[in-house]
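In: based on what follows, work out the 3D shape:
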Amino acid sequence: MMHGRLTRSTLRRILFLLGGNVLLLAIIGVLLKEGSSFGDVLRRCGSDIAPIILAGLGMTAIIFTGAIDLSIASIIAVAGTVFGILVQRGASPVFCYAGCVLTAWGLSMLNGWAVRAWRIPAIIITLAGLPLYRGIALMVADVCVPGFSGNISVQDEAYHLPGKAYAGWILCLALIGALVWEWFAKTPRRWLALGSSEEACRLMGLRPDRILQSAFCAGGIFLGLAALIYITRVQAIEPARIGLGFELQVIGAVVLGGTNIFGGEGSFVGTVLGALFLYFTSQVLIYAEASPYFQDAITGAIIIGVIGMDCALHRRRKLMEELA
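Out: Numbering: from 1, shown residues only. Alright, predicted model coming up:
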């Protein structure tokens, strides 16, 4: 059943996450030590969570169509390498920022083109891209950075402004744009329609291949902004290590937010709330002084558990619809 543009199950997930986030914030407030400020926790949240939310918005658009992009962490590694090389060559900060964003957007577009041109499922194309792009990042760094020793140092603070000074503003503007676009534009509805039935899209006179490419295009824009913030927060860019596990956090936030991993259902709001839920969960464990290994295990268990449960529920619902 639909309520506006959201299904009943998506609305339930949004309400659940709203309550869960409020509860987690209350627990953080209780665990705060004397001298710590709850306002500082909220201010730090914006810059900490911005890359996950921005990449999650892009991933949501792609998953709406029934596709997925597993290579986003490796794409960030390539974008970061390009950024670092430009810094090393003395390019202006704005030029370096643009190079980072455009690299991420271009590789996302390339993934969409490959899925369309070769008629291979996106999960296969992007799974292959995961080691491919990281390998390309390492090769490019080795060729273009004299004496490359595994990392590219970026010490000048002028190159860190997006990640350290403006992350919250970038996130807010992108989020407002995404929510307005989701609510009023036709394109997000077409992504959902494609995820629900490719054949129905054709019967309606739509072009599934163009709809899919537009999702990867939007995903690339958001991923480019995520890469910009992610890269400009670190002092040393390590192509072999940067972003490891990032794709799991992003996909976990998207599915936790109620987006159907098989496409055709979900919302940007849910993705934002899902990302916040995972972040606040990790903060509770930190303030509770849990072991770092325990923190990773709990976060991973939540992500895997939610994705597994989501897949099982949607398979069951699909089977019931086929039997009806």
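In: let's see the pLDDT reported for Met204.
Out: If you check Met204, the pLDDT there is 90.
In: got the contact list for it?
Out: Contact analysis of Met204 by C-beta atoms under 8 Å, 6 or more residues apart in numbering lists Ala193. All C-beta atoms are positioned from the backbone trio N, CA, C, and that covers glycine.
In: residues making contact with stretch 119-127?
Out: So stretch 119-127 is in contact with Ile62, Ala67, Ile68, Asp69, Leu70, Ser71, Asn111, Ala114, Val115, Trp118, going by C-beta under 8 Å, 6+ apart.
In: doesn't Asn111 make contact with the fourth one?
Out: Yes: contact between Asp69 and Asn111 holds when scored by C-beta atoms under 8 Å: they sit 6.0 Å apart.
In: higher neighbour count, those two?
Out: When Asp69 and Asn111 are compared for neighbours, Asp69 comes out ahead with 32 against 27, by other C-beta atoms under 10 Å.
In: can you tell me the SS state at the more buried one?
Out: Put simply, Asp69 is coil when judged by DSSP: H, G, I helix; E, B strand; the rest coil.
In: residue contacts, it?
Out: Counting by C-beta under 8 Å, 6+ apart, Asp69 touches Met59, Ile62, Ser108, Asn111, Ala122, Thr126, Phe216, Gly219, Glu247.
In: which helix or which strand is home to the nearest residue to it once chain neighbours are set aside?
Out: Leaving aside its chain neighbours, Asp69 sits nearest to Thr126 (4.7 Å; criterion: C-beta to C-beta, 6 or more residues apart in numbering). In this structure, Thr126 is located in helix 122-144 according to DSSP states H and E.
In: next one: Leu244
Out: Counting by DSSP H and E, Leu244 is part of no helix or strand.
In: quick one, phi psi at it?
Out: With angles defined as degrees, to the nearest 10, Leu244 sits at phi -60, psi 130.
In: that one reaches Ser74, doesn't it?
Out: No: Leu244 lies out of contact with Ser74 (C-beta under 8 Å); the separation is 9.6 Å.
In: which of the contacts of stretch 119-127 count as buried?
Out: Ile62, Ala67, Ile68, Asp69, Leu70, Ser71, Asn111, Ala114, Val115 (16 or more other C-beta atoms under 10 Å).
In: if we can go back for a sec, dump the C-alpha coordinates for the helix holding Thr126 into PDB.
Out: C-alpha atoms of helix 122-144 as PDB (Å, rounded to 0.1, in the frame of the first residue of the first chain):
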ATOM      1  CA  ALA A 122      25.700  -4.500 -12.200                       C
ATOM      2  CA  ILE A 123      26.700  -6.600  -9.200                       C
ATOM      3  CA  ILE A 124      29.200  -8.500 -11.500                       C
ATOM      4  CA  ILE A 125      30.500  -5.400 -13.200                       C
ATOM      5  CA  THR A 126      31.100  -3.500 -10.000                       C
ATOM      6  CA  LEU A 127      32.500  -6.500  -8.200                       C
ATOM      7  CA  ALA A 128      35.100  -6.700 -10.900                       C
ATOM      8  CA  GLY A 129      35.600  -2.900 -10.600                       C
ATOM      9  CA  LEU A 130      36.400  -3.300  -6.900                       C
ATOM     10  CA  PRO A 131      40.000  -4.700  -7.300                       C
ATOM     11  CA  LEU A 132      40.400  -3.100 -10.800                       C
ATOM     12  CA  TYR A 133      39.900   0.500  -9.800                       C
ATOM     13  CA  ARG A 134      42.100   0.100  -6.700                       C
ATOM     14  CA  GLY A 135      44.800  -1.400  -8.800                       C
ATOM     15  CA  ILE A 136      44.500   1.400 -11.300                       C
ATOM     16  CA  ALA A 137      44.900   3.900  -8.400                       C
ATOM     17  CA  LEU A 138      48.100   2.200  -7.300                       C
ATOM     18  CA  MET A 139      49.500   2.100 -10.800                       C
ATOM     19  CA  VAL A 140      48.700   5.700 -11.500                       C
ATOM     20  CA  ALA A 141      50.200   6.800  -8.100                       C
ATOM     21  CA  ASP A 142      53.400   4.800  -8.800                       C
ATOM     22  CA  VAL A 143      53.800   6.400 -12.200                       C
ATOM     23  CA  CYS A 144      52.900  10.000 -11.400                       C
END
